[in-house]
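Novice: Predicted model, plus sequence, below.
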Amino acid sequence: MQIKRDYSQPFFSSRRRRRTGGRFLFFYGLFIGAILMFTTWQFDRLQLAALDVIGLAPTATPYASTLATQGAQAFMAGDLEEAATLFEQAVLQQSDNIDYLYEYGKLLIELDRSKEVLEPTLLNEPIADRVISLAPRDPRGYALKAKALVWQGFYAEAIPVGVAGREIDPNFAPLLAAMARAYSNIGRY
């Protein structure tokens, strides 16, 4: 009889060696694969985080509401140019927001740039007409257009726009102010 010896096993131990190498490699590969999938899925966020750590991250673009709030504060402080710039950026971010369009249009008129309210410039459509087309039952678009026409000297053209706005809200003060100026300038007191 011959004794077969396995030299990979300890000689005096009854414990068996476990084979964990294959299982370890499988889970290690699975872990590496998960990291690679997460990296490709979230690459933009990880890149910004890495750039932020070394101080080279770009500044975040503020929300349109933040820009509009800063624009209103600049207007209250008397800096009309800065207010117009901030409202323009807010309008570019949210071109369908009537509040931003109306405030931007009012600022352009105050800056004596009322031509920009009546002609296609920023949004390839006049600002006043855009407000009217977005909300035809809102008197602000009519008031904006009537006021811009008055500032341009087109008093007779401003009156029908004002009348159309008064049919929606007969007590909207900016509309009444534009119409009063138009009527007085054509001699209809």
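Specialist: Sure thing, it's come through.
Novice: any idea how far residue 186 is from residue 107?
Specialist: Distance, residue 107 to residue 186, by Cβ to Cβ, to the nearest Å: 27 Å. All C-beta spots, glycine's among them, are computed from the backbone N, C-alpha and C.
Novice: Looking at these two, which is more packed in?
Specialist: Remark: of residue 107 and residue 186, residue 107 carries more neighbours, 22 against 12, as counted by other Cβ atoms under 10 Å.
Novice: give me every residue that touches that one.
Specialist: Residue 107 makes contact with 71, 75, 80, 83, 84, 87, according to Cβ atoms under 8 Å, 6 or more residues apart in numbering.
Novice: Can you tell me, leaving aside adjacent residues, what's nearest to the fifth one?
Specialist: Yep, that's residue 84 we're talking about. residue 107 (4.4 Å; Cβ to Cβ, 6 or more residues apart in numbering).
Novice: Checking the one you found next. Helix, strand or coil?
Specialist: Under DSSP: H, G, I helix; E, B strand; the rest coil, the three-state class of residue 107 is helix.
Novice: follow-up on the earlier one: possible to save the contacts of residue 107 as TSV with pLDDT, distance to residue 61 and neighbour count?
Specialist: Output for those, formatted as TSV (pLDDT from 0 to 100; distance: Cβ to Cβ, whole Å; neighbours: other Cβ atoms under 10 Å):
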residue	pLDDT	distance to residue 61	neighbour count
71	96	15	26
75	95	21	19
80	94	23	15
83	95	18	25
84	94	18	22
87	95	15	28
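Novice: Helices - which of these land there?
Specialist: Among those, the members found in helices (DSSP state H) are 71, 75, 80, 83, 84, 87.
Novice: Throw those into a markdown table and include distance to residue 123, thanks.
Specialist: Formatted as a markdown table, those follow (distance: Cβ to Cβ, whole Å):
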| residue | distance to residue 123 |
| --- | --- |
| 71 | 17 |
| 75 | 21 |
| 80 | 21 |
| 83 | 19 |
| 84 | 15 |
| 87 | 13 |
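Novice: which among these gets closest to residue 48?
Specialist: Comparing those against residue 48 with Cβ to Cβ places residue 71 closest, at 27.1 Å.
Novice: The closest residue to the closest one other than its chain neighbours: neighbour count?
Specialist: Closest residue in space to residue 71, ignoring its immediate chain neighbours: residue 86 at 3.4 Å, by Cβ to Cβ, 6+ apart. When counting by other Cβ under 10 Å, one arrives at 27 neighbours for residue 86.
Novice: got a list of what residue 86 touches?
Specialist: Per Cβ under 8 Å, 6+ apart, neighbours of residue 86: 67, 68, 70, 71, 74.
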